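Peer 1: below: sequence and its predicted model.
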Amino acid sequence: QWQFVESGGGLVQPGGSLRLSCAGSGFIADRYAIGWFRQAPGKEREGVACIVSSGQNTYYANSVKDRFTISRDNAKSTVYLQMNSLEPEDSSVYFCTAVRELDGHCAIRALRTDYWGQGTQVTVSS
């Protein structure tokens, strides 16, 4: 059974940084692309970033490009999301899950599983 545990969220001031972690279990984590998503109250879920199984290719939504960095440590079955220059608009619950990998690229809109973690809350406020 797929399991994802997100952590690392919190309250940070605008311009600050946070690093989120996504620990996967119940599957061979290094075989799958992983994506980070976020959903704020009243808004649709947004695909933020994803990384292929090898870690060699990544994708970022325009809203976070040049501010967020996704990485992975397959030995630890963990994917990270380093978030810098945070803005109030980044406030949301952040989730991770597996996404499909096509031709060496991760497909943020193509979920590999229906399983999600509990998410981690990120609040950016002064």
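Peer 2: Looks like it came in fine.

Peer 1: contacting residues around the residue nearest the centre of the chain?
Peer 2: For the chain, Trp36 is the residue whose C-alpha lies nearest the centre (Cα atoms, centre = their mean; 2.1 Å). Residues in contact with Trp36, defined by Cβ atoms under 8 Å, 6 or more residues apart in numbering, are 20, 22, 47-50, 70, 79, 81, 94-96. Glycine gets a C-beta too; all of them are placed from N, C-alpha and C.

Peer 1: just the strands in the protein please.
Peer 2: Under the criterion DSSP state E, strands of the chain are mapped to 3-7, 10-12, 18-25, 33-39, 46-51, 58-60, 68-73, 78-83, 92-102, 105-111, 120-124.

Peer 1: how about the fourth one: buried residues?
Peer 2: Neighbour counts using 16 or more other Cβ atoms under 10 Å place 33-38 of strand 33-39 among the buried residues.

Peer 1: can I get the strands of the chain in JSON lines with mean pLDDT?
Peer 2: Converted to JSON lines, the strands of the chain look like this (pLDDT from 0 to 100):
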{"stretch": "strand 3-7", "mean pLDDT": "95"}
{"stretch": "strand 10-12", "mean pLDDT": "98"}
{"stretch": "strand 18-25", "mean pLDDT": "94"}
{"stretch": "strand 33-39", "mean pLDDT": "97"}
{"stretch": "strand 46-51", "mean pLDDT": "97"}
{"stretch": "strand 58-60", "mean pLDDT": "98"}
{"stretch": "strand 68-73", "mean pLDDT": "97"}
{"stretch": "strand 78-83", "mean pLDDT": "97"}
{"stretch": "strand 92-102", "mean pLDDT": "96"}
{"stretch": "strand 105-111", "mean pLDDT": "93"}
{"stretch": "strand 120-124", "mean pLDDT": "98"}
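
Peer 1: follow-up on the earlier one: buried ones among the contacts of Trp36?
Peer 2: 20, 22, 47-50, 70, 79, 81, 94-96.

Peer 1: what's the closest of these to Arg112?
Peer 2: Cys50 (10.5 Å; Cβ to Cβ).
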